[in-house]
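> Below is the sequence, then the predicted model.
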Amino acid sequence: MMANEAMVRGALEADVKLFAAYPGSPTSEILDAFAETGRQMDLVAEVSSNEKVALETAAGAAMAGLRSMTSMKSVGMNVACDSYFSLAYTGVKGGMVIAMADDPHAHSSQSEQDGRFFGPAAYVPMLEPSDPQEAKDMVKAAFDLSERHGVQVLVRTVTRVNHQSGIVELGELGRTPFKKVPWPHEPTRFITVADRARAFKAGMLGRTAALEKEFESSPFNRIRKDVVPGGKRFEGTGIVASSAGYNYAVEACRLMGLDLPILKLGTTFPLPRRLIFGFIEGLRRVIVVEELSPYLEQNIRALAKDVNPKLEIAGKGPGLFSEALEYNPNIVATVLGKVLGLPTPVDYAGVLERAKRLKEGLPNRPPTFCPGCPHRGTIHALRKALRGVKHVLATDIGCYSMAPLEPLRYGDTLLSMGASLGVAEGLRRSVEEPVVAMIGDSTFLHAGIPGLVNAVHQRADFKLVLLDNAVTAMTGQQHNPASPHEEDDAAQQRIDLDALVKGLGVADVTVIDPYQIKDTPGQIKEALARPGVGVIISRRDCALYGDRNKRRKGEKIVPNKVDKQVCKRAYTCVRDFHCPSISLDADRQASIDPALCDGCMKCAKLCPLGAIQSTQGSMAGRQEGSKGTGQQGTTGGA
Amino acid sequence: MSKNFSLMMAGVGGQGLVLLSNIIGTAGAIAGIRVITGEQHGLSQRSGSIQVHLRVGPDVRSPLIPVGSADAILSLEALETLRYIEYLKDGGVAVINKRVMHPVGETGELVNDKTRQYMGLEQVVERVGQVTNHVLTLDALEVARRAGNALTENVALLGAISVLEEFPVPPEPLKGAVARMVPKKAVEVNLKAFRLGAEAARDRFCKELACRGD
């Protein structure tokens, strides 16, 4: 079971009643698993329009007394944190858990933000699991903790915990039927402002002290002395670790044959200070293994001042560990070797050096738009419409965030969800060139609307390209408020994007089909030439989503082929297009991989010689008829 | 199970690597073997390079394999073997699909520079050969087609690596997991791909490496 699924299991065992979230890697599978469960079990599971709305939805339920949960990635917490901080003041009645995942190495995020500071900054208790079993157990325990102390609980993970799979021992499900509850009607119970806020603050301090006392004996903190029985011992040396760092520390000890005591911290706010005192008191040296910021290290340094001022703290301070990127067992083993003067079992630096040599000339393979992706068509058309015109493109968060990467290298700014519009406003006020903003449907609904309202109000003159591919594609094609209905979702109202944009005061709205790659550059050019704020809605289903729908309906996906007699190596289908299904054959002519081609026909329309045609009629579609029959895990919940 | 085993798996987003990892994990659960994996999701899957760390054994705690320590690397696409070559231990086993999928950036460079050639299987095999003598290649696409579905390439490779004695999860639970994890209508063709992959591997691998009995 993946840790993300294990957290859902923990919540179900705790009889959670409401879940709301916006997808974001590495937490998206939590939402996917809840969406699946929501269909089978008696609970409310919502995909919210953004993380703040999701947190507030969970807060509403928890204020009423129901157990609720939300999940979000590190940067999603930034969106939600306005309400998160205030909620720590009012507290909750029902248990409420926030699963928040940081992304060391920025695998799929804008930053390596260390969210652990959200715990102490808001006086909110924080638990940190290191494997799927702990993820389940901690989420379950967090509901009880939350309810007893009347405050939401943060369960903080990192990518390498969320996407770790292992065997999980399950507890009883013990579900009870969903039942609405009467509102308690206690005036000002959930109102925090001025003197109410001051009163709450005193309560928070008392609550935190009580939590610390409880955490002193929490089973989630433990001192392990059995990591390598009979291994080499260094009297006076110990390790403090948490989260993924704990896994690497344990394994590094085993690699090095070291029998060092390890204090494993699972409750990282408030820290169990007496437990830490007891551990470091008799030590000469402590090695702190934690990714990103020196959160534990600084706390231990402060604590050591009182009980053991001579304690040597080996961590990021002396530059042994980096504050950047994620760790692994060999990084930790290397530090242990350095600190203790021991050789590592493998010459890691030598291995990496040789690998670097062996990889010379190996072409990069960054993620890129899928075959059939509508964004490839939109971006191609936009560049064509603006050929020869210097311009600035403010882009946003979604699959189209890949446009500035190799090989397209198109786009100038990328900050955060919805930022393209605000940045474009600042740019159009400041730069000589024309400004274009680009945003996806889901991101627009998440945080783009206020930016467009502002642009209309300011009588801005930039254009917004709104990529409407029907779903939140990047994170696994989840539904968003503008997605088409599915049979079982009839209870939801679909947001009409065109009407919304017009309703915000945009008079100039152009709708294009990115597959019509011959017509779109002209349409875009015309739209760009008109004055004022304009929105170009480029509408076509995400290819992954569209193909899945086709398969469901039994429709075949028919790939294209290149006619070698006609192809004169113009490479129009390669340059500025870069479809993964197109490569060059031995004659350096374009060649289409029928196993990858989506049959979208964009390249066929681009080819000046008409060398690309559908295989319709010439063969019965792809082998076995459809793309991906079970062999491709979906991005979301495979 | 007292031995540790680390398998690095590499491929291209969309090739079914995560499914393969789930199959091995499920097979481990069926056989009572604790398998832990570290996967990639999200951005990494858009036709980009993708890796899965798969680990078994009493000393294993980290989902990530230390560099220079993987007992084997299994690559669904040849170039991706090189991308993660630092993980393979000296003398480890490399099971490489002969399939090469040219990255879009490389094709772009070929178009701009007429003298440039794609990196190919031979270069990969030669370079991996500098780390280990056990480089085993297999045309998994051909095997998959013989099984009746080109998309069973990943399961064909699983069948191939399953013949190695060192591979910690036995074939029966692997087959059980395949049957459980792939769509119902594709079970038969996948099990055939597994069997054909194993047969092809026996001919090629078992001369130089210890294999399981039939």
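Ah, there it is.

> which SSE is residue B:7 in?
Element membership for residue B:7 (DSSP states H and E) is strand B:5-12.

> Walk me through which strands that strand pairs with, and which way each runs.
Strand partners for strand B:5-12, identified by DSSP bridges, are recorded as strand B:49-56 (antiparallel), strand B:70-75 (parallel).

> what about dumping the CA coordinates of the strand ranked longest in chain B to CSV?
Counting residues, the longest strand found in chain B (DSSP state E) is strand B:88-97. Provided in CSV are the C-alpha atoms of strand B:88-97 (Å, rounded to 0.1, in the frame of the first residue of the first chain):
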residue,chain,number,x,y,z
LEU,B,88,24.1,-0.6,-10.3
LYS,B,89,26.7,-2.4,-8.2
ASP,B,90,29.9,-3.6,-9.9
GLY,B,91,29.1,-7.0,-11.4
GLY,B,92,25.3,-6.6,-10.9
VAL,B,93,22.8,-7.8,-13.5
ALA,B,94,21.5,-5.4,-16.2
VAL,B,95,18.3,-6.6,-18.0
ILE,B,96,17.8,-4.2,-20.9
ASN,B,97,14.9,-3.9,-23.3
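
> Show me what counts as buried in that strand.
Under the neighbour-count criterion of 16 or more other CB atoms under 10 Å in any protein chain shown, strand B:88-97 has B:88-89, B:92-97 buried. Where you see a C-beta, it was placed from the backbone N, CA and C, and this is true even at glycine.

> Could you please name the strands that strand pairs with and the direction of each pair?
strand B:70-75 (parallel), strand B:134-138 (parallel).

> any chance of those strands in TSV, plus mean pLDDT and distance to residue A:592?
Formatted as TSV, the strands paired with strand B:88-97 follow (pLDDT from 0 to 100; distance: least, CB to CB, whole Å):
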stretch	mean pLDDT	distance to residue A:592
strand B:70-75	98	23
strand B:134-138	96	25
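
> Doesn't residue B:123 belong to a helix?
Yes. Secondary structure assignment (DSSP: H, G, I helix; E, B strand; the rest coil) places residue B:123 inside a helix.

> Could you report the pLDDT at it?
Looking at residue B:123, its pLDDT reads 98.

> So, low pLDDT: which residues of the stretch 351-500 of chain A?
Within the stretch 351-500 of chain A, the ranges that satisfy pLDDT under 70 run A:486-490.

> What of chain B?
B:1-2, B:41-45, B:214.

> Next, the contact list for the residue minimising distance to the centre of it, please.
Geometric centre of chain B, nearest residue: residue B:74, 2.9 Å, by CA atoms, centre = their mean. Residues in contact with residue B:74 (CB atoms under 8 Å, 6 or more residues apart in numbering or on different chains) are B:7-10, B:95, B:157, B:161.

> Neighbours of whichever residue of the stretch 101-250 of chain A sits closest to chain B, how many?
Per CB to the nearest CB, residue A:108 is where the stretch 101-250 of chain A lies closest to chain B, at 3.7 Å. Number of residues near residue A:108 (other CB atoms under 10 Å in any protein chain shown) recorded here: 22.

> Just the buried positions in the helix of greatest length in chain B, please.
In chain B, with assignment by DSSP state H, the single longest helix is helix B:187-205. Buried positions in helix B:187-205, judged by neighbour count with 16+ other CB under 10 Å: B:187, B:189-198, B:200-202, B:204-205.

> between that helix and strand B:88-97, how many degrees?
Per axes from the mean of the first three to the mean of the last three CA atoms, to 10 degrees, the angle that helix B:187-205 makes with strand B:88-97 is 120 degrees.

> and residue 123, how many neighbours does it have?
This is for chain A. When neighbours are counted by other CB under 10 Å, residue A:123 registers 20.

> not what I meant, chain B
Per other CB under 10 Å, the neighbour tally for residue B:123 reads 18.

> The stretch 351-500 of chain A against chain B: which residues are in contact?
Proximity of the stretch 351-500 of chain A to chain B (CB under 8 Å from any CB of the partner chain) is limited to residues A:351-352, A:354-355, A:358-359, A:361-371, A:399, A:402, A:406-407, A:474-475.

> Where helices are concerned, which of those residues count?
A:351-352, A:354-355, A:358.

> who's in contact with stretch A:576-590?
Against stretch A:576-590 from outside (CB under 8 Å, 6+ apart): A:368-371, A:376, A:380, A:383, A:407-408, A:559, A:562, A:564, A:567, A:569, A:571, A:573-574, A:591-593, A:596-598, A:602-603, A:606, A:611-612, B:47, B:101-102, B:104-105, B:107-108, B:110-111, B:114, B:118.

> Pretty sure residue A:591 sits in a helix.
No. According to three-state DSSP, residue A:591 belongs to no helix; its state is strand.

> Three-state assignment for residue A:280, please.
On the basis of three-state DSSP, residue A:280 is classed as helix.

> residue contacts, it?
A:238, A:240, A:286, A:300, A:303-304, A:307-308, A:311.

> Okay, it and residue A:239: tell me how far apart.
Computed with CB to CB, to the nearest Å, the distance linking residue A:280 and residue A:239 is 11 Å.

> quick one: common contacting residues for the two?
residue A:286.

> Wait, residue B:16 touches residue B:154, no?
Yes. Residue B:16 is within contact range of residue B:154, at 4.2 Å (criterion: CB atoms under 8 Å).

> Looking only at neighbour counts, state which of the two leads.
A direct count of neighbours by other CB under 10 Å for residue B:16 and residue B:154 places residue B:154 higher, at 31 against 26.

> quick revisit: most tightly surrounded among the strands paired with strand B:5-12?
Compared across these, strand B:70-75 shows the largest average neighbour count, a mean of 27 (mean count of other CB atoms under 10 Å in any protein chain shown).
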